[in-house]
Structure formats: C-alpha cells, structure tokens
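1. make a model of this:
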Amino acid sequence: MRALIIDDERLARTELRRLLAVHPEIEVAGEARDVTEGLEQIERFHPALLFLDIKMPGGSGFDLLEKLDSVPLVVFTTAYDEYALRAFEVNSLDYLLKPIVPERLAAAIERALATEQKASTPVGALQKIFLKDGERCWFVAMREIVLLESEGNYTRVYFDNNRPLVLRSLNALEERLDPSLFYRASRRHIVNLQSITGVEPSVSGGLTITLVGSLQVEMSRRRSILFRQAMSL
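-> Take a look at the predicted model:
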C-alpha cells in the first residue's frame, strides 16, 4: 500500500518512517511539510494512505482534505488530543498521538489494509468524499449519499440528516461518480439509485422519484425515458 507522510516536523517524519520500516506492506512514497507540499505529493504519487498531521503552519490537515477531489484512507498523527473527537467525527481510519506507539501503528495499518481490500468501486470513481461546512466536517462513503443538488458552482450533498454545501460543481462531481450507483435525474440533481424508495408518473409526463428521507426529484420526460430503459421499467 502506497503511503505519504505529511507533517511539518522533520523529526516526526523520520521517526514515523523508522516505525514503518518493519511493515513491508507499506511503501512510503514521499513526505511533505505542509498543505501545499502535501497536495503536490498526492498529485504525484496518488497514495492509498495518508499519515497526516493536523496542526501545521499555513493550514491544517483538515484544510488539505477539503481540497482533495478523491480522499485516500487517513490516519491522523498529532501531538494534540484536542482534535481527536473531530477526527473521529469525520470517520478517519485512526488517530495516533505522538509519540506514536508501535502497537497502535500496527493496528492502524492492519485496519487500512483490510479497508483497502474491501474496496470494490471502479477505478477512477470516488469511494468517499471529504465534506466541510463551517466547523463541521465529514468523511462520507459515496454509497451513503442520497442526493446531489446543484446550486450554481456549489453542490448540496444530502446524507443522513446533513445537507452541507460544498464548493464543487455538480458537473465536476458527476465525472467521478460510479455510474452504476448514481444517475443524473435532471439538470440540477443526481440521485443514488440505491436510495430510491418510489417512482411515479408526474403531470409533466416524466417521473417523480422519491428517495430515502422523503426527498423528491422531478425527472424530465427525456431523462425518464432513459431511466426506464436503464432500469428495465
């Protein structure tokens, strides 16, 4: 599994490399000192796993994740336990306090390998997305998203009882979605096919789709025809 270490402290990066040396299943492809370098390294190496510090000059680990279209597995590494709750709220793989205990690191690696093995999303498609709305942030598996709704250059993301607005256009997101899971229902909406609870004819000649949570989307006649063909209705 290819990994990156992103931490502003050189000694911390060196120590983590030393601890990872006994885990040949982890290939450390590179290191970065801050958000800017981290983004460059991620673009270059496309890692499956990040060992990510939270508090860094010029931007936090959360800021870095917000800038990514596709988020790798993340193990936070930090000297500050005050971020632990927030890290687990965004569903990070693990949270390791410095100095890192070898046994805790081994457990995190085992979890990362198991998670990667379970992944079955087509190559290039998003598996999960990092969302940030004010002080709240989440890692969300794409299968948990019920609806994506365009609001100009932003997209409203519906999952559980949350509806954060993210600075990514619906068209940009659509390019990275798994077409077997998501369907473009209208100019403004993309629906999760697994979240559909009902389909009814609409007065306009199209279809009205009801989703989990009683959300409804009106589908045009043209898209309704394509939908019927795709779903064999």
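
2. pLDDT below threshold where in the protein?
-> Residues of the chain meeting the criterion pLDDT under 70: 82-92, 118-125, 233.

3. domain map for it?
-> Domain ranges of the chain: 2-118, 128-231, per automatic domain parsing.

4. turn the ones you listed into CSV, columns for mean neighbour count.
-> Where C-beta positions appear, they are placed from N, C-alpha and C, glycine not excepted. Below are these laid out as CSV (neighbours: other CB atoms under 10 Å):
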stretch, mean neighbour count
domain 2-118, 17
domain 128-231, 16
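
5. tell me which other helices or strands the lengthiest helix in the chain touches.
-> Counting by DSSP state H, the longest helix found in the chain is helix 102-118. Judged by 3 or more CB pairs under 8 Å, 6 or more residues apart in numbering; DSSP states H and E, helix 102-118 is in contact with helix 10-20, strand 73-78, strand 94-97.

6. compute the inter-axis angle for it and strand 73-78.
-> Taking axes from the mean of the first three to the mean of the last three CA atoms, to 10 degrees, one finds helix 102-118 and strand 73-78 inclined to each other by 160 degrees.

7. who's in contact with helix 102-118?
-> By CB atoms under 8 Å, 6 or more residues apart in numbering, the surrounding residues in contact with helix 102-118 are 1, 19-20, 22-23, 25-26, 48-49, 73, 75, 93-94, 96.

8. ok, now stretch 139-151?
-> By CB under 8 Å, 6+ apart, the residues outside stretch 139-151 that reach it are 71, 74, 90-92, 121, 125-131, 155-160, 165, 169-170, 173, 177-178, 181-182, 187-192, 194-195, 211-213, 215, 217.

9. next: stretch 157-165.
-> 129, 131-133, 136, 138, 140, 144-149, 151, 154-156, 166, 213, 215.

10. how far away is the residue lying closest to residue 97 once chain neighbours are set aside from residue 57?
-> Setting aside the residues directly before and after it, residue 97 is nearest to residue 81 in space (CB to CB, 6 or more residues apart in numbering), at 5.9 Å. Remark: distance between residue 81 and residue 57 (CB to CB, to the nearest Å) = 20 Å.

11. could you do residue 210 as well?
-> Distance of residue 210 to residue 57, computed by CB to CB: 49 Å.

12. what do you get for residue 130?
-> 21 Å.

13. what of residue 26?
-> Distance from residue 26 to residue 57, by CB to CB: 27 Å.

14. before we move on, what about residue 108?
-> Taking CB to CB, one finds residue 108 at 25 Å from residue 57.

15. again, but for residue 174
-> 36 Å.

16. for residue 146, same thing?
-> In terms of CB to CB, residue 146 sits 38 Å off from residue 57.

17. residue 41 now?
-> On the measure of CB to CB, residue 41 and residue 57 end up 17 Å apart.

18. same check, this time on residue 184
-> Counting by CB to CB - residue 184 and residue 57 are separated by 42 Å.

19. ditto for residue 24
-> Taking CB to CB, one finds residue 24 at 33 Å from residue 57.

20. partners of the residue nearest the centre of the chain in the sheet?
-> Geometric centre of the chain, nearest residue: residue 129, 1.9 Å, by CA atoms, centre = their mean. With DSSP bridges as the criterion, residue 129 is bridged to residue 140.
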